[in-house]
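J.: Sequence first, predicted coordinates after that:
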Amino acid sequence: MPYWFDGNNLIGQSADSSQAHPRIRREFLSTLNAYYKSGGGRFLVYFDGDDPGQSMPPPGIRVRYSAPASADDAIIRRLHEIRRPGEVIVVTNDLDLQNRCRNAGSKVMNWQQFASKMKSRKLQPSGGKDLPETVDVEDWMEYFGLDESK
């Protein structure tokens, strides 16, 4: 199942802030990579703005930068371009974008719903090292300042 993420919305940063502090983007992508390794689906993250450092995403995670358009508009435009938007799940806490995605035919999840699904997955061993059975989403959300109640 393809998951598309509204990156800046989920990390709670503007495009300018993300470019000035790319560590938060990298850590978000790293967290998604752990879930990807557990067989969680195909992941595509849309970020507002651009990536002047041309950083490489972790394996299994595709990233698109939307400059000069917004990530929201890039997501909607792509949903209209593909054959089966109903197979895509867009993960965002942005209620307006959720409605626009539904109208374009896709499914939507907020971060809390995705995090609950993430918690239920077991991570696979990687490189001979044992990974924790679940991603500690609460610690991750606290680190990024995300409120589960939103």
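T.: Now that the structure is in, tell me what you want to look at. Predicted, not measured: the structure shown is a model, and the values here were computed from it. Residues are numbered from 1 along each chain as shown.
J.: Quick check: closest non-adjacent residue to F5.
T.: Leaving aside its sequence neighbours, F5 sits nearest to V45 (CB to CB, 6 or more residues apart in numbering; 4.4 Å). Any C-beta I mention is one placed from the backbone N, CA and C, and that applies to glycine too.
J.: What count of nearby residues applies to S70?
T.: 17 (other CB atoms under 10 Å).
J.: can you pull the contacts of it?
T.: D48 (CB atoms under 8 Å, 6 or more residues apart in numbering).
J.: so where is the chain shaky, pLDDT-wise?
T.: 15-20, 52-53, 121-150 (pLDDT under 70).
J.: same thing but 80
T.: Low-confidence segments of the chain (pLDDT under 80): 13-22, 38-40, 52-55, 118-150.
J.: And the helices in it, which stretches?
T.: With DSSP state H as the criterion, the chain has helices at 7-11, 15-20, 22-37, 71-81, 95-103, 111-120, 137-144.
J.: export the longest one as CSV, just CAs?
T.: Read that as helix 22-37. Listed next in CSV are the C-alpha coordinates belonging to helix 22-37 (Å, rounded to 0.1, in the frame of the first residue of the first chain):
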residue,chain,number,x,y,z
PRO,A,22,17.5,19.7,8.3
ARG,A,23,18.2,17.3,11.2
ILE,A,24,14.5,17.1,12.0
ARG,A,25,13.7,16.1,8.4
ARG,A,26,16.4,13.4,8.5
GLU,A,27,15.1,12.0,11.8
PHE,A,28,11.6,11.9,10.5
LEU,A,29,12.8,10.0,7.5
SER,A,30,14.8,7.7,9.7
THR,A,31,11.7,6.9,11.7
LEU,A,32,9.7,6.2,8.6
ASN,A,33,12.6,4.0,7.3
ALA,A,34,12.3,1.8,10.4
TYR,A,35,8.6,1.2,9.7
TYR,A,36,9.4,0.6,6.0
LYS,A,37,11.9,-2.1,7.0
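J.: what's the angle from that helix to helix 111-120?
T.: 50 degrees (axes from the mean of the first three to the mean of the last three CA atoms, to 10 degrees).
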